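**Student:** got a structure for you, letters missing:
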């Protein structure tokens, strides 16, 4: 089955620790995205990547870092510089070959930092 | 003004009712339009893309009005299982960014 996987589903960390969230897709999509969702709020774009070894900052990139060494993988690191890291993190991917370029999401990771 | 705006609701409707949501967007260069469904504490799932001529998928009908810059979603014969938050998503020509509305919450009541 093709799809996007994120792990772990729930993650707990102490303040001051960096943490890396995994995102893998086997849809052969070129573009991948990371979003953050806070309770009762919309999705906010953290980083996106259109192609391997290239990525761009989204609207709220401060305190986060990413890498795109393989087409299938787009891990997100939440650093200790992120002031309010507790949130629901969603990874998505989309094709860039032909429109309308629907985006597909992984099941998400709930990060709690105390 | 937000790039994509939706009425947050909640829309409380009885089973079997017809309900419609609108979503307005501010950028006239917007290119692609989608409706997603998000259940509580779950990821958004694509409900349908919205085409210029309008499109239908079973009980769901989506329409685009470029002149007035809005898209709509009509749900006929509402089911209890339709209860969810419906997200409007817009992309703009020349970018790879998807702009999400904050969603409209629907509750279908027995």
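**Tutor:** That came through, no problem. Remember, it's a predicted structure, so these values are computed and weren't measured experimentally.
**Student:** who's in contact with stretch B:99-110?
**Tutor:** Counting by Cβ atoms under 8 Å, 6 or more residues apart in numbering or on different chains, stretch B:99-110 makes contact with A:35, A:41-43, B:2-15, B:17, B:19, B:21, B:23, B:25, B:38, B:75, B:78-92, all of which sit outside it. Heads up, the C-betas are built off the backbone N, CA and C, glycines and all.
**Student:** how long is that stretch end to end?
**Tutor:** One end of stretch B:99-110 to the other measures 33 Å (Cα to Cα, to the nearest Å).
**Student:** circling back: out of the contacts of stretch B:99-110, list just those in strands.
**Tutor:** Among the contacts of stretch B:99-110, the subset assigned to strands under DSSP state E consists of A:35, A:43, B:4-6, B:11-14, B:19, B:21, B:23, B:25, B:38, B:75, B:84-92.
**Student:** Just the buried residues of the residues you listed.
**Tutor:** Listed as buried from the ones in strands among the contacts of stretch B:99-110 are A:35, A:43, B:4-6, B:11, B:13, B:19, B:21, B:23, B:25, B:38, B:75, B:84-92; burial here means 16 or more other Cβ atoms under 10 Å in any protein chain shown.
**Student:** Quick check: bridge partners of residue B:73?
**Tutor:** The residues listed as beta-bridge partners of residue B:73 by DSSP bridges are residue B:21, residue B:62.
**Student:** what about it, how many residues close to it?
**Tutor:** By the criterion of other Cβ atoms under 10 Å in any protein chain shown, residue B:73 has 22 neighbours.
**Student:** Tell me who's in contact with it.
**Tutor:** By Cβ under 8 Å, 6+ apart, the contact list for residue B:73 reads B:20-21, B:23, B:35, B:47, B:60-62, B:86, B:88.
**Student:** quick one, the helix or strand hosting residue B:106 and strand B:84-92 angle?
**Tutor:** Here residue B:106 is covered by strand B:104-109, with elements defined by DSSP states H and E. Counting by axes from the mean of the first three to the mean of the last three Cα atoms, to 10 degrees, strand B:104-109 lies at 150 degrees to strand B:84-92.
**Student:** Skipping adjacent residues, who's closest to residue B:13 in space?
**Tutor:** Excluding the flanking residues, the one nearest residue B:13 by Cβ to Cβ, 6 or more residues apart in numbering or on different chains is residue B:19, at 4.9 Å.
**Student:** Just confirm that neighbour contacts residue B:11, I think it does.
**Tutor:** Yes - in this structure, residue B:19 is within contact of residue B:11 by Cβ atoms under 8 Å, at 5.7 Å.
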